[in-house]
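*Asks:* Could you look at this predicted model? Sequence included:
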Amino acid sequence: MTRQLALVDCNNFYVSCERVFRPDLQRTPLVVLSNNDGCVVSRSNEAKALGIKMGQPWFECRALAEAHGVLALSSNYALYADLSNRVMSILRDHAPRQEVYSIDECFVDLTGCADSKQRSQQLRKRVGQWTGIPVCVGIGPTKTLAKLANMVAKKHPRSKGVFDYNALTDAQKEKLLQQIEVGEVWGVGRKLRVRLADRGIHTVCDLRAAHTPTLRAEFGVVLEKTQRELQEIPCIDLQEVTPNNQQIISSRSFGHMIEQVAGLKAALSTFAANACAKLRTQQSCAALIQVFLHTNRFRPDLPQYMPALAMALPEPTNDTLLVSRCVSVLADQLFRPGYQYKKAGIVLSQITPVGQVQHDWLAPTQAHRPRLMQALDTLNARYGRNTVRVSAQDVGATWQMRQERKSPNYTTDWGAIPSV
DNA sequence: TCTCCGATTAGAC
DNA sequence: CTAACGGTCTAATCGGAGA
């Protein structure tokens, strides 16, 4: 029996989230900006129609956008995460197997469903009614084809938000795949698209039909799997359990350039606190701590410096105070005066589950304070993130990112909901 | 010459 | 008036070091 994999993808997700609590913006052209109000990361259909590109720097399109009455909002991740959870939980309750693929997408397995297309329509309707978030559904025998089908559903209003690749005849499949550029395929990005074009592979149909051993030799396993998936041979399974992260990064661009170590350390200890909190939520510890600093790469007129340094711990930890101190030491070693720093961050890796951590009982007592960290997490959960923090976070702290257009915290603050 | 491992590349969203 | 350009994550592959 052919598999019926459905990809459910929220439409213009961040923009749609903002509109849930601001129905008056339903027809206003709208974009959501990345951290630091830097780039456009979500666009309403009206904004797309104006030619505003995904990932475009806001300062580049701002004049055009504002001339057409486009409203730009800073991103409000707490809101998006909250609505995402609601969407995912509705889908989980209405489909047997689910993989949450990203904040706005999930795969569900509808294999064996009597009428998967009708079922998808129901899912769509339910998510819309219960959350206010519009979604489209693509159905196919493999994940790659389900993604492609989803694209078709989004692009063609005739599909009413659901497109089923499995329902096509071989001739219809061929015709459809001829019309889609290879760059639209999941796993084919900018670089590959160019290299494939050099080989005469322009459409999805071309990729599907290419000589497999040659493709493999030239482009590697990843693309071979993609090709197989286009040929309806499943190579990428549904991942129902989300694995723990192998690496946790916390980094930010600053609202203003920083020239002093103290400022960098304030930012870095906040990053340490956030990264460790994340380690704790997934009940794991890290053994390698890396710190990096960046000057502004878009200012070739200024001296550039982007150093990085790692410290290996004798035993894995998730203790904010310990990691903060390491990060401070690394910052001192990396810091050179005379540069204007625009960004910094930390990377935690060599991650293992807490239960597997072997304590060195011959060594003097390590700074390992699970109960203190638990108390800290409880307090911050109740009274807000960073209510209890490391003092280094405050010393010389001037690094906050720009976020001039953020919407209120609708889902966590009653007062934020506009009165009707 | 082989193996290992860190760095780099490419992609996703 | 001018400058203003995200953040996290994974897997595969490359290339140098050391065995």
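*Replies:* Arrived safely.
*Asks:* neighbouring contacts of stretch A:80-88?
*Replies:* Applying CB atoms under 8 Å, 6 or more residues apart in numbering, the external contacts of stretch A:80-88 come out as A:10, A:13-14, A:17, A:20, A:98, A:100, A:103-104, A:106, A:127, A:130-131, A:133, A:135, A:411-412. C-beta: built from backbone N, CA, C; applies to glycine.
*Asks:* For the closest residue to residue A:352 other than its chain neighbours, give me the backbone phi and psi.
*Replies:* Nearest residue to residue A:352 in three dimensions, chain neighbours excluded: residue A:316, at 5.4 Å (CB to CB, 6 or more residues apart in numbering). Dihedral angles phi and psi of residue A:316 (degrees, to the nearest 10) take the values phi -60, psi 150.
*Asks:* Distance check, residue A:316 against residue A:246.
*Replies:* Residue A:316 sits 13 Å away from residue A:246, going by CB to CB, to the nearest Å.
*Asks:* if we can go back for a sec, for the residue nearest to residue A:352, what are its contacts?
*Replies:* So residue A:316 contacts A:284-287, A:350-352, A:357 (CB under 8 Å, 6+ apart).
*Asks:* Residue A:26: neighbouring residues, count only.
*Replies:* Residue A:26 has 9 neighbouring residues, counting by other CB atoms under 10 Å.
*Asks:* ditto for residue A:62
*Replies:* Residues within reach of residue A:62, counting by other CB under 10 Å, total 16.
*Asks:* who in chain A is up against DNA strand C?
*Replies:* Taking CB under 7 Å from any atom of the strand, the part of chain A that reaches DNA strand C is made up of A:34-36, A:38-39, A:41, A:55, A:57-59, A:62, A:220-222, A:243, A:245-253, A:278, A:296, A:298-299, A:343, A:345, A:401.
*Asks:* change it to 6 Å
*Replies:* Of all the residues in chain A, those in contact range of DNA strand C (CB under 6 Å from any atom of the strand) are A:34-36, A:38-39, A:41, A:55, A:57, A:59, A:220-222, A:245-253, A:296, A:298-299, A:343, A:345, A:401.
*Asks:* If any of these are buried, give me the ChimeraX selection for them.
*Replies:* To isolate the buried members of these in ChimeraX, using 16 or more other CB atoms under 10 Å:
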select /A:34,35,36,39,41,248,250,251,252,253,296,343,345,401
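*Asks:* residues contacting whichever residue of the stretch 301-420 of chain A sits closest to DNA strand B?
*Replies:* Scanning the stretch 301-420 of chain A for proximity to DNA strand B using CB to the nearest atom of the strand identifies residue A:310 as nearest, at 7.2 Å. Neighbour list for residue A:310: A:288-291, A:330 [criterion: CB under 8 Å, 6+ apart].
*Asks:* now do residue A:331
*Replies:* A:261, A:264-265, A:268, A:291, A:293.
*Asks:* For it, what is the enclosing helix or strand?
*Replies:* helix A:320-334 (DSSP states H and E).
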